[in-house]
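> return a 3D structure for these sequence lines:
(one chain, ligands or ions: 1)
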Amino acid sequence: MEKTAGISGVTMDKLVSLCKRRGFVFQSSEIYGGLSSAWDYGPLGVELKKRIQNFWWKEMTQLNDNIVGIDAAIMMHPKVWEASGHVENFTDPLVDCKKCRQRFRADQIPEENLIKHICPECGGELTEPRQFNLMFKTNIGPVENDASVVYLRPETAQGIYVNFRNVLQTSRVKIPFGIAQVGKAFRNEITTKNFIFRTCEFEQMEMQYFIHPSEDEKWFEYWKEKRFGYYKKLGIREEKLRFHQHGPGELAHYAKKAFDIEYEFPFGWKELEGVHNRTDYDLKRHIEYSGKDLSYLDDQSRERYVPYIIETSAGLTRTVLVVLSDAYDEEDVEGEKRVVMRFHPKLAPVTAAVFPLVKKDGLSEIAHNIEEDLREHFTTFYDQGGAIGRRYRRQDEIGTPFCITVDYQTKEDKTVTLRFRDSMEQIRVPVGEIPARIGKEIADYRRKE
Ligand code: GAP
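Residues are numbered from 1 along each chain as shown. Sure thing, here's the model as predicted:
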């Protein structure tokens, strides 16, 4: 079969359209015209997101005997956000256009517009920048007053810090150790374009690593490299990843040092994960605001100290966009365009699709049985509609790495065709060997263009 090498060809328009067409991501409340910057994950999207989350969770907790997990509530005591510095510092500078009434982040519009106070959209007059807090505020209970104010958490990290003592007392961890968490976070973002890249409601996968203050450089370097390597394990192309160190003007209020891991999205290089040295800032602030002892006693040296924290903070929903962008590929096969999502097989929403070559002569019964047996091992999909070539293309477009076709030879010798998504190569495999063969292919997987 003649084909050109993968030519990617990814654009946001193509991605958004594929996501909608195939059930990865839908616009929120679409039947009402949609809610801007909110997105729903469809049947394939939810599988992809779950697999990414599981991959991260395994990487953090199962593969490290000194990292444990928690799942804290989204709503926390309002004092948490005073202590963390978010009430005071978690702001963006905003300017409004007096003419067209649009609102912009002052740090994101061209400097000459700011100097001249001219709107980049309509040329109208801009207001002076004002600080706008990104936290969503609501009230808990029946009375709306200052005493009932709660915030939706803008980062999951604080749920870990306020549980530091609980985890220490209950799980026998010793420094250095980590606490991992995956969950929703909320920010009232003003600029929310680019699909699921920046949204007001999103998910984070954060790990806070508690260390002795004298070892912060060592652990920072360790986690920075480890997290970069993780994206390669996830199947992301290395040339699409890079580090960006935060300059003094970019550092968050809690960070002494920060590196972003950036990915080259179709709209340019942007942050995917932050690795931060948060020092003892957060624990010390919680000690001050709660009056509780959050220090650590080393039972060997008898030294008591407030640990430093190295944080790895990845966006789960943003990683979904990375995985989708990185997987998208188009190639010419015998004069026709083939769209193929080259997901790592561990992430693909469907692992194996099973087809009878034709419905008749008992082939669909055999294919059904094979598909049912495989369910125990993999996520499967059964399809008997349309020409076989079209069925393969449908699976390519959702990134199914393996297709199994039952034909007349199956009835004679109990073998099937196993077809590989990336190379389109086909081999014969005995029915009983399918799970082991697919398992081996997944374990040995290396991305090839
Ligand atoms: N606890 C530290 C923290 O929250 P951050 O750099 O503000 O650090 C970490 O966020 C990650 O969370 C980002 O690298 C990004 O992947 C994700 N993230 C942040 N804001 C987001 C948003 N509005 N929409 C989607 N993902 C977001």
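
> run a quick neighbour tally on G432.
Neighbourhood size, G432 [other C-beta atoms under 10 Å]: 10. C-beta coordinates here come from the backbone N, C-alpha and C atoms, glycine included.

> likewise for the one 5 residues further on?
The local packing count at R437 equals 14, with neighbours defined by other C-beta under 10 Å.

> same thing with V275?
V275, neighbours per other C-beta under 10 Å, totals 26.

> identify the bridge partners of it.
Legend: beta-bridge partners of V275 under DSSP bridges are F259, T312.

> that one contacts E225, correct?
No: applying C-beta atoms under 8 Å as the test, V275 and E225 come out as separate, 9.5 Å apart.

> for the residue of the chain at minimum distance from the ligand, grab phi and psi.
Residue of the chain nearest the ligand, by C-beta to the nearest ligand atom: G315 (2.3 Å). Per-residue torsions, G315: phi -90, psi 130 (degrees, to the nearest 10).

> ok, it - contacts?
202-205, 272-273 (C-beta atoms under 8 Å, 6 or more residues apart in numbering).

> who in the stretch 51-200 of the chain is up against the ligand?
Proximity of the stretch 51-200 of the chain to the ligand (C-beta under 6 Å from any ligand atom) is limited to residues 155, 157, 187, 189, 198-199.

> mind running it again at 8 Å?
154-157, 185, 187, 189, 192, 196-200 (C-beta under 8 Å from any ligand atom).

> as JSON lines, those residues with secondary structure and neighbour count would be great.
Listed next are these as JSON lines, based on DSSP: H, G, I helix; E, B strand; the rest coil; neighbours: other C-beta atoms under 10 Å:
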{"residue": "P154", "secondary structure": "coil", "neighbour count": "20"}
{"residue": "E155", "secondary structure": "coil", "neighbour count": "20"}
{"residue": "T156", "secondary structure": "coil", "neighbour count": "23"}
{"residue": "A157", "secondary structure": "helix", "neighbour count": "25"}
{"residue": "A185", "secondary structure": "strand", "neighbour count": "22"}
{"residue": "R187", "secondary structure": "coil", "neighbour count": "21"}
{"residue": "E189", "secondary structure": "coil", "neighbour count": "15"}
{"residue": "T192", "secondary structure": "coil", "neighbour count": "16"}
{"residue": "I196", "secondary structure": "coil", "neighbour count": "24"}
{"residue": "F197", "secondary structure": "coil", "neighbour count": "21"}
{"residue": "R198", "secondary structure": "coil", "neighbour count": "20"}
{"residue": "T199", "secondary structure": "coil", "neighbour count": "21"}
{"residue": "C200", "secondary structure": "coil", "neighbour count": "18"}
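
> show me what counts as buried in stretch 56-75.
56-57, 59-61, 64, 67-68, 72 (16 or more other C-beta atoms under 10 Å).

> the bottom helix or strand of this protein by mean pLDDT?
Every helix and strand of the chain was ranked by mean pLDDT, DSSP states H and E. The lowest is helix 111-116, at a mean of 85.

> using PDB, write out every CA atom in the longest helix along the chain.
The longest helix of the chain (DSSP state H) is helix 216-233. This file holds the C-alpha atoms of helix 216-233, laid out as PDB (Å, rounded to 0.1, in the frame of the first residue of the first chain):
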ATOM      1  CA  ASP A 216      15.400  21.900  47.900                       C
ATOM      2  CA  GLU A 217      17.700  22.300  44.900                       C
ATOM      3  CA  LYS A 218      18.300  18.600  44.600                       C
ATOM      4  CA  TRP A 219      14.600  17.600  44.700                       C
ATOM      5  CA  PHE A 220      13.700  20.500  42.400                       C
ATOM      6  CA  GLU A 221      16.100  19.100  39.800                       C
ATOM      7  CA  TYR A 222      14.900  15.600  40.400                       C
ATOM      8  CA  TRP A 223      11.200  16.400  39.800                       C
ATOM      9  CA  LYS A 224      11.800  18.700  36.900                       C
ATOM     10  CA  GLU A 225      13.600  15.900  35.000                       C
ATOM     11  CA  LYS A 226      11.200  13.200  36.100                       C
ATOM     12  CA  ARG A 227       8.200  15.100  35.000                       C
ATOM     13  CA  PHE A 228       9.700  15.800  31.600                       C
ATOM     14  CA  GLY A 229      10.400  12.100  31.200                       C
ATOM     15  CA  TYR A 230       6.900  11.300  32.100                       C
ATOM     16  CA  TYR A 231       5.500  13.100  29.000                       C
ATOM     17  CA  LYS A 232       7.800  11.000  26.900                       C
ATOM     18  CA  LYS A 233       6.400   7.900  28.600                       C
END
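
> flag every buried residue along that helix.
216, 219-220, 222-224, 227-228, 230-231.

> and the angle for the helix or strand following that helix with helix 216-233?
Sequence-wise, the next helix or strand downstream of helix 216-233 (DSSP states H and E) is strand 241-245. Strand 241-245 and helix 216-233 are oriented at 160 degrees to each other (axes from the mean of the first three to the mean of the last three C-alpha atoms, to 10 degrees).

> pull out the buried residues from strand 241-245.
Here strand 241-245 shows L241 as buried, counting by 16+ other C-beta under 10 Å.

> go on, stretch 271-287?
In stretch 271-287, counting by 16+ other C-beta under 10 Å, buried: 271-283, 285-287.

> is that stretch anywhere near the ligand?
Yes: under the criterion of C-beta under 8 Å from any ligand atom, the ligand is reached by stretch 271-287 at 271-274, 276.

> quickly check the residues you listed for the two that are furthest apart.
Distances among these were taken as C-beta to C-beta; the most separated pair is L272 and H276, at 14.1 Å.

> re the thing from before, intersect the buried residues of helix 216-233 with the contacts of the ligand.
Of the buried residues of helix 216-233, not one also sits near the ligand (C-beta under 8 Å from any ligand atom).

> now do the buried residues in stretch 128-141.
Result for stretch 128-141 [16+ other C-beta under 10 Å]: buried residues 129, 133, 135.

> picking up where we left off before, who's in contact with the longest helix of the chain?
With C-beta under 8 Å, 6+ apart, helix 216-233 has contacts from 56, 59, 176, 209, 211, 238, 241, 243, 256-257, 259, 261, 263, 272-273, 275, 277, 279, 308, 310, 312, 314, 322.

> mind checking which of the residues you listed land in strands?
Among the contacts of helix 216-233, the members found in strands (DSSP state E) are 209, 211, 241, 243, 257, 259, 261, 263, 272-273, 275, 277, 279, 308, 310, 312, 314.

> low-confidence stretches in the stretch 251-400 of the chain?
By pLDDT under 70, the stretch 251-400 of the chain contains no weakly predicted segment.

> what about the strands in it?
257-265, 268-279, 296-297, 304-305, 308-315, 328-333, 336-341, 352-356, 380-382 (DSSP state E, counting those that start in this stretch).
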